[in-house]
Structure formats: C-alpha cells, structure tokens
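Peer 1: I need the structure of the sequence given here:
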Amino acid sequence: MSTTESRATSTPPTASKSRATRETLEDYTLRFAPRSYRRWTPAVVATTALGGIAYMADFSIGAGIGLAHGTGNALVAIAVAAVVIFATGFPLAYYGARYNLDLDLITRGSGFGYYGSVLTSVIFASFTFIFFALEGSIMAQGLELGLGLPLWLGYLVSTLMVIPLVIYGMSALSKLQVWTTPIWLLLMVGPLVYLVATDPGTVDRFLSYAGTDGKGGLDTASVLLGAGVCLSLIAQIGEQIDYLRFMPPKTEANRRTWWTAVVMAGPGWVVLGALKQAIGVFLAVYVIAEVGPAAAPEPIRQFRGAFDAMLPSWLVVPLAVVLVVISQIKINVTNAYSGSLAWTNSFTRVTKHYPGRLVFVLVNLGFALALMEADMFSFLNDILGFYSNCAIAWIVTVATDIGVNKYLLRISPLRPEFRRGMLYAVNPVGVVAFTAASGLSIAMYFHALGDTLQPYSPVAAAVLAFVLTPLVAVVTRGRYYLRRTDDGLDEPMLDADGNPSAATLDCHVCHQPYERPDLAACATHDALVCSLCLSTDGVGDHVLPAQPRTA
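Peer 2: Residues are numbered from 1 along each chain as shown. The predicted structure is shown next:
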C-alpha cells in the first residue's frame with residue numbers, strides 16, 4: 001500500500017517533480033485522498049483511527065474532575081460531554097469518510113471559506129501540540145519512575161521517538177496501531193477487572209467519594225465545569241477524520257461494515273474516551289486510599305497502584321511503564337501527524353508555498369516540547385477549560401452547517417468544496433458564528449460576565465454556535481458559500497454510488513495524474529490544474545474567475 005505522493009509548488013515544474021519523487025510522506029496533506037491510495041479495509045481504517053485514542057490524558061482528566069467535584073458530578077459531567085461530542089462528531093465523520101477529506105477541507109466548504117478556515121486550522125494544530133505535551137509529560141513521569149530519567153530528558157525522549165513513525169504517514173501508522181492495540185487493552189482493563197473482582201469495597205469507595213469540597217451531591221456548576229474540561233477533547237474528531245478519509249468507497253456490498261467503521265472510529269471514539277475518564281476517577285479514588293492525593297492525577301502512579309495489588313513487586317513498575325510508553329506512542333504519532341497536516345494547510349494557503357509536511361512535524365513537536373518544559377501538567381485543567389471554548393465553537397459550527405444548513409435548510413451546498421477559486425476567501429456564516437461563540441464563552445470563562453455565569457461558558461459556546469450558524473446563513477441567503485458552481489470539467493464529480501470519481505486526469509503545472517475531485521480547469525490554458533498547484537499559485541494565473549451572481 002505504500003506509494004509516493006506527488007507534490008506541486010510554485011517552484012518550476014522540474015524542481016517540483018524532483019522533490020516529489022524524493023518524498024515518501026503518505027499524507028495527501030492539502031488534497032482529496034484518492035481511491036487509488038485507499039486500499040485498506042474499513043476494519044483496518046477503524047482500528048487505526050481508534051488506536052489514536054489510547055492516550056493517558058483521559059485518566060488524568062477524569063481524576064482531576066473527580067478529585068475536585070466528587071464521583072457523582074464527575075460521572076454526570078463525563079456523560080454530558082460524551083453526548084455532545086458524539087452528536088457533533090457524527091456528521092463530520094460521515095463527510096470525512098464519504099468524501100475523503102480532512103476536517104480542514106470540510107471546514108472550508110462548511111461555512112468558513114477558503115481562507116476563513118485558516119483560523120480553525122491553527123486552533124486544531126494547537127489542540128495537537130497541547131495534547132502531545134500532555135501525553136509526553138505523562139510518559140516522562142513514567143520514565144522517571146521506572147528508569148530514574150530526569151523529567152527534562154524524558155520530555156525530550158518522548159518528543160524525538162515519534163519522528164521516524166510520523167514521517168511515513170498512514171502506511172506506518174496503520175501497522176503500529178493494529179499491532180499495539182491488543183497489548184494496550186489488556187494492560188489497561190486487566191487491573192481494573194482484578195480490583196473490582198477481588199475487592200468490591202473499591203466500588204463503594206469510588207461511588208461515595210465526595211471530592212475535595214466534601215459536599216458530594218450533584219451540583220449544576222460542578223457538572224458544567226467538569227463537562228467543560230471534557231469538551232476540550234471535542235476536536236479529537238479531527239484526528240479521527242485524518243484516518244477516516246482513507247476509507248474505501250461506500251457500496252452496497254460493504255455498506256454495513258462501512259457504516260460500522262465510520263460510527264465506531266468517528267464519533268464512537270468518545271465512548272471509550274468516557275470509559276477511560278470514569279476509570280481515571282476510579283483509580284484516583286483507589287490511589288488516594290492506598291498512597292495519598294498527591295499521586296492520584298498521575299496515570300503512571302494510578303496504574304502502579306493497580307498493578308501492585310495483583311502482581312509481584314518486581315513486575316509492577318516495568319508493566320506500568322510499558323503501558324504508559326505504548327499509550328504515549330500510539331497517541332503522539334497521531335498528534336504529530338495531524339498537527340503537521342493542520343500547520344501545512346494554514347502555511348501553504350497564506351504564503352502560497354509548500355515546504356513539505358516534515359517541516360511542520362518538527363514545528364509542532366517544538367511547540368509541544370516547550371509546553372512540557374514549562375510543566376503544563378501542573379495546570380492541565382485550566383488549559384483545557386480555556387481551550388474547550390474555542391474547540392466547541394468550531395466543531396459545533398461545522399456540524400451545524402452540515403446537519404442544518406446543508407440537509408435541513410438546503411442553503412449550504414450538499415457536496416463539500418475545498419478548491420481555491422471555487423470558494424470565497426471568507427464566508428461570514430462560519431466565521432461570524434465561530435468568532436461570536438468563542439469570544440463570548442472565553443469572556444465568561446475568565447469571569448468577565450460574573451462568577452455565576454463562569455461555569456456556563458461551554459454551554460454558551462455550543463448554543464451560540466448552533467443558533468448563529470443557520471441564522472447568518474439565512475441572513476446572507478447562502479451567497480458566500482460558492483464563488484463558482486462550475487469547475488470547467490465535463491467529467492462527473494461522483495460515480496454511480498455517490499462516491500468521488502476515480503477518473504484520472506493530468507495537471508498541466510506539475511505534470512502528475514490526479515483523480516477528478518482534485519482538479520479544476522485552468523483560467524489561462526485549455527488544461528487542468530490540481531488543488532495543490534492552485535494553492536501555491538502566487539499570482540493567481542490558474543485560478544478561475546468568480547461567476548456572475550444571478551438574481
């Protein structure tokens with residue numbers, strides 16, 4: 001399944017071809033993922049996508065919420081966040097798998113415009129390096145406990161070790177995730193089952209834990225504060241889509257397995273995520289009773305305590321370290337991979353220059369390493385609580401545009417568009433809804449509207465994005481979705497099953513073959529241009545002009 005993707009930039013065609021032949025980055029960074037490359041089965045794609053959620057941060061997030069607000073509030077908060085994440089993730093996962101586009105390309109045609117989605121790409125890139133730093137911190141804690149490695153060196157090791165895997169994209173990542181998932185599941189679930197079976201009292205202590213304030217009863221503010229932290233993970237659907245875009249075409253023959261894979265590996269990721277957060281609360285309560293509260297939020301100490309109850313002492317620390325290292329590698333190759341896609345998308349559109357994805361792998365890892373060295377783990381919930389406002393506003397805006405504006409109101413074009421020249425630079429529908437929703441919710445989070453409203457900032461982000469997205473679309477009558485409705489090609493965009501066409505045509509700029517959805521007619525030649533050559537066209541020679549508006 002390994003292929004070499006062709007690249008095109010604003011440099012001379014010969015230079016572009018030379019660089020393209022040297023690259024082995026199987027990422028299709030800025031473009032539609034062609035059928036010729038998508039040779040994996042739905043099951044392999046789903047397993048690969050789900051392997052990326054093996055992160056340990058869920059255990060820390062659950063522990064933090066449980067310690068602060070008690071088990072009851074924590075479990076309700078986790079459930080509320082899971083419902084929101086599943087509902088918003090479903091339409092995005094479907095579009096990514098059906099049309100073989102990443103979340104940035106979907107966002108462009110779902111309310112934001114060609115340049116408007118640069119803002120959300122940067123937000124998504126921030127998500128990846130924040131969570132890379134969080135996972136790297138957890139791994140460094142494990143290396144310090146197991147090998148005596150200083151934290152600063154552990155941060156560096158956890159950063160550098162993922163580079164070789166990320167370079168080769170989906171082909172390498174699919175093998176890694178498939179082979180490591182059974183080991184990870186066994187190490188994660190085994191100690192939990194053992195503790196519950198051998199000491200039922202752990203369940204009673206878990207359910208009755210009242211939190212640091214000692215109240216223990218259900219409290220709306222506590223639930224919403226906890227849900228806000230959990231909702232910072234709402235952007236995880238972007239990483240799931242980075243894998244789901246490689247799904248095979250949906251046909252009558254594979255319809256059932258196709259849908260199962262999309263639901264499980266798309267919005268379904270949050271089911272396992274919520275279970276891990278609940279386990280984090282359970283293990284934190286267990287560790288408090290056995291060790292003390294200081295160690296409770298750290299996954300390495302949580303699992304050390306659990307393993308200690310069921311294994312010989314000489315095996316406890318090694319197994320805990322193995323679990324942490326496997327988890328960190330599984331998620332951080334995804335964080336580094338998805339972050340490099342997001343940064344490359346933004347940089348190429350703004351500068352009209354494509355430097356190669358590897359450059360932004362290193363950029364993303366640099367940001368993550370800086371956060372780790374700044375000890376971000378110690379103020380984790382504050383970072384996630386703030387970030388969740390931006391992430392919620394973005395994801396809810398795009399999901400609403402797909403679910404309401406496309407399918408209900410029929411204002412937004414049903415088929416996603418991502419090519420330069422076909423879209424307006426900025427679409428006020430998504431940009432206004434996102435900016436207003438995130439701006440007000442951030443102000444609420446920082447107590448600008450009073451202490452009483454502060455816990456409701458994630459609710460405000462979601463409600464405003466949901467209301468404003470169709471409202472602005474109706475006010476603007478959908479005029480800013482498409483700059484053109486005709487891309488100049490007679491070849492149909494979709495095949496008989498409604499999948500993107502596999503017909504192959506040549507780009508006259510980079511002289512490489514591409515499938516139909518990745519091409520548009522050239523403005524100055526009787527020829528075709530691929531989407532990346534359009535993105536890197538510094539003077540706009542090849543970009544089709546806007547079509548006159550009809551009354």
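Peer 1: next helix or strand past the one helix or strand Ala368 maps to?
Peer 2: Taking DSSP states H and E as the definition, one finds Ala368 inside helix 357-373. Downstream of helix 357-373, the next assigned helix or strand under DSSP H and E is helix 380-400.
Peer 1: quick check: closest non-adjacent residue to Gly142.
Peer 2: Distances taken as C-beta to C-beta, 6 or more residues apart in numbering put Val324 closest to Gly142, at 3.6 Å, once the chain neighbours are dropped. From N, CA and C alone the C-beta is placed, and that goes for glycine too.
Peer 1: confirm Val324 sits in a helix?
Peer 2: Yes. Assessed with DSSP: H, G, I helix; E, B strand; the rest coil, Val324 lies in a helix.
Peer 1: quick one on the thing from earlier: what is the burial count for the residue nearest to Gly142?
Peer 2: Neighbour count of Val324, defined by other C-beta atoms under 10 Å: 27.
Peer 1: residue contacts, it?
Peer 2: 56, 138-139, 141-142, 299-300, 303 (C-beta atoms under 8 Å, 6 or more residues apart in numbering).
Peer 1: again, only this time at 6 Å
Peer 2: Contact partners of Val324, counting by C-beta atoms under 6 Å, 6 or more residues apart in numbering, are 139, 142, 300.
Peer 1: in the helix holding Ala368, which residues are buried?
Peer 2: For helix 357-373, the neighbour count (16 or more other C-beta atoms under 10 Å) marks 357-358, 360-361, 363-365, 367-369, 371-372 as buried.
Peer 1: tabulate those (CSV), appending pLDDT and distance to Ser110.
Peer 2: Listed next are the buried residues of helix 357-373 as CSV, based on pLDDT from 0 to 100; distance: C-beta to C-beta, whole Å:
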residue, pLDDT, distance to Ser110
Arg357, 73, 24
Leu358, 78, 29
Phe360, 83, 24
Val361, 84, 27
Val363, 87, 26
Asn364, 85, 24
Leu365, 88, 29
Phe367, 86, 27
Ala368, 87, 28
Leu369, 89, 33
Leu371, 85, 30
Met372, 86, 34
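Peer 1: from the residues you listed, which is closest to Thr524?
Peer 2: Thr524 lies nearest to Arg357 out of these, by C-beta to C-beta, at 29.1 Å.
Peer 1: do I have it right that the closest one meets Thr344?
Peer 2: Yes. Arg357 lies in contact with Thr344 (C-beta atoms under 6 Å); the separation is 5.2 Å.
Peer 1: in PDB, list the C-alpha atoms belonging to the strand or helix carrying Thr469.
Peer 2: Here Thr469 sits within helix 457-476, counting by DSSP H and E. The C-alpha trace of helix 457-476 is given here as PDB (Å, rounded to 0.1, in the frame of the first residue of the first chain):
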ATOM      1  CA  SER A 457     -19.000  29.100  29.200                       C
ATOM      2  CA  PRO A 458     -19.000  25.800  27.300                       C
ATOM      3  CA  VAL A 459     -22.800  25.800  27.100                       C
ATOM      4  CA  ALA A 460     -22.700  29.300  25.700                       C
ATOM      5  CA  ALA A 461     -20.100  28.300  23.100                       C
ATOM      6  CA  ALA A 462     -22.300  25.400  21.900                       C
ATOM      7  CA  VAL A 463     -25.600  27.200  22.000                       C
ATOM      8  CA  LEU A 464     -24.400  30.400  20.300                       C
ATOM      9  CA  ALA A 465     -22.600  28.400  17.500                       C
ATOM     10  CA  PHE A 466     -25.700  26.300  17.000                       C
ATOM     11  CA  VAL A 467     -28.000  29.300  16.700                       C
ATOM     12  CA  LEU A 468     -25.800  31.700  14.800                       C
ATOM     13  CA  THR A 469     -24.700  29.300  12.100                       C
ATOM     14  CA  PRO A 470     -28.100  28.900  10.400                       C
ATOM     15  CA  LEU A 471     -29.100  32.500  11.400                       C
ATOM     16  CA  VAL A 472     -26.200  34.100   9.500                       C
ATOM     17  CA  ALA A 473     -26.800  31.600   6.600                       C
ATOM     18  CA  VAL A 474     -30.400  32.800   6.300                       C
ATOM     19  CA  VAL A 475     -29.500  36.500   6.600                       C
ATOM     20  CA  THR A 476     -26.800  36.200   3.800                       C
END
